[in-house]
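S.K.: Got a predicted structure plus its sequence, pasted below:
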Amino acid sequence: MKCIICGNEIPENENECPTCISFIDTLNYLTLNHFDEFDLPKPLKIPGLITHIHEMLKMSYEEFHTNLDSLSKKGFELINQDKDKEGKNTAKNFFQFFIEFMTSPEARATYGRESVDNLGVEILNKFVESELDIIAEMNNQKIKEANELAKQIMHSKAAKLLKTQAEYLKKIGKEEISDQILTKSLDLLLDGLEFEEFFLFFNELSFDMKTKYLTRIFPKYFQKLQELGKSKDFEKIFDNSNRIYRNQMLYDQSKEITLLLIKVIKQEALRILETEGNLSGISKATTLEKRKNIEIKFNKIYKKIAEIYIELDDLHSAHIYNDKIEKADYKTEIHKKIETLEAEKSKIRSEKAKETRDGEEKNYRELHHQ
């Protein structure tokens, strides 16, 4: 009887080829005990599959070919029992490769040429390559579907599709590829200005990828913050943006975000004052002014508030806000307006007092003339 592995005759007193039996032991050792060490795909852990392959390897060359149909059927039945759809597909790919390899004319010659240990790793590496090809094809399809959703302005749905794919990849031990897919999901959320989901998805990245991603994406991220402008949640979004950059020790980028926030706060406060121009507008603007941990010079805003108080004839409050102004020309301008109004008020008061005195004198003269 000839050995299926090396093609040599097996001694009559032996059931297995003494030269190649160690290959079977090696394959068993690698597949069942050292998945992590050799970074082998988890679908090979499908119950009974490796044992079935071992039994096939132990057969003679003729016996293997004679029973090939039934052997193949049993292997695929074992695979189909697995509930993990993607794992099932990759396992089928490996088993198909194994069948094709073992029935090829080069099989015995290849087994005979290579060392036992290298051959075991080589076969399993072929499966790893096949699995990566399947994953790449799967990822490309998911990315294509996500991009189509994004074109329909469904950025959140598109991002969730890729996040689900990233979670699957992480589950089967492909953390690096999972990170890459998740960054594409984050890109889509930025495109749609979906910042709330962005912060949630971002937490799923590995620590190293967080730093790499935030560094790479910053120009686009900063642009999207500018586009965000004065949405109702802009302060919360800026604060969270600042937090994630500072957590990764990207302090220069964090500083730029803070400066942009100051600019947006000023613009929003002025917009409110110019739009509402009353006590309600002042209240909203001063709420923005009272942000913690940010030192902002509100010269232009204090000037506008003082002007509103002047129009409301509340010179006391106008004086209070004019005192807060640090810019000299603004302070002088408001001071002159207050002085002018006070002078006009003083003139009016003097004229009224004079009118009152003149009236009293006239009444006095008329009374005594009678």
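M.R.: Arrived safely.

S.K.: how many neighbours does residue 160 have?
M.R.: Applying other C-beta atoms under 10 Å, we find 18 residues neighbouring residue 160. (Glycine included, C-beta is placed from N, CA and C.)

S.K.: what kind of secondary structure is it in?
M.R.: Following DSSP: H, G, I helix; E, B strand; the rest coil, residue 160 is assigned to helix.

S.K.: For it, give its distance to residue 81.
M.R.: Relative to residue 81, residue 160 is positioned 30 Å away (C-beta to C-beta, to the nearest Å).

S.K.: what does residue 172 give?
M.R.: On the measure of C-beta to C-beta, residue 172 and residue 81 end up 18 Å apart.

S.K.: Comparing the two, which shows the higher neighbour count?
M.R.: Set residue 172 next to residue 81 and count neighbours by other C-beta under 10 Å: residue 172 wins out with 18 against 12.

S.K.: In terms of pLDDT, where does that one sit?
M.R.: We have a pLDDT of 73 for residue 172.

S.K.: please begin residue numbering at 411 from this point
M.R.: Got it, first residue is 411 now, which makes that one residue 582.

S.K.: What are the contacting residues of stretch 729-741?
M.R.: Residues outside stretch 729-741 that contact it (C-beta atoms under 8 Å, 6 or more residues apart in numbering): 707, 708, 709, 710, 712, 713, 715, 716, 719, 744, 745, 748.

S.K.: What subset of these is buried?
M.R.: Among the contacts of stretch 729-741, the ones that count as buried by 16 or more other C-beta atoms under 10 Å are 708, 709, 712, 713, 715, 716, 719, 744, 745, 748.

S.K.: Correct me if wrong: the fourth one contacts residue 743.
M.R.: Which is residue 713. Yes: using C-beta atoms under 8 Å, residue 713 makes contact with residue 743 at a distance of 7.4 Å.

S.K.: so can I have a markdown table of the buried ones among the contacts of stretch 729-741 showing secondary structure?
M.R.: Formatted as a markdown table, the buried ones among the contacts of stretch 729-741 follow (three-state DSSP):
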| residue | secondary structure |
| --- | --- |
| 708 | coil |
| 709 | helix |
| 712 | helix |
| 713 | helix |
| 715 | helix |
| 716 | helix |
| 719 | helix |
| 744 | helix |
| 745 | helix |
| 748 | helix |
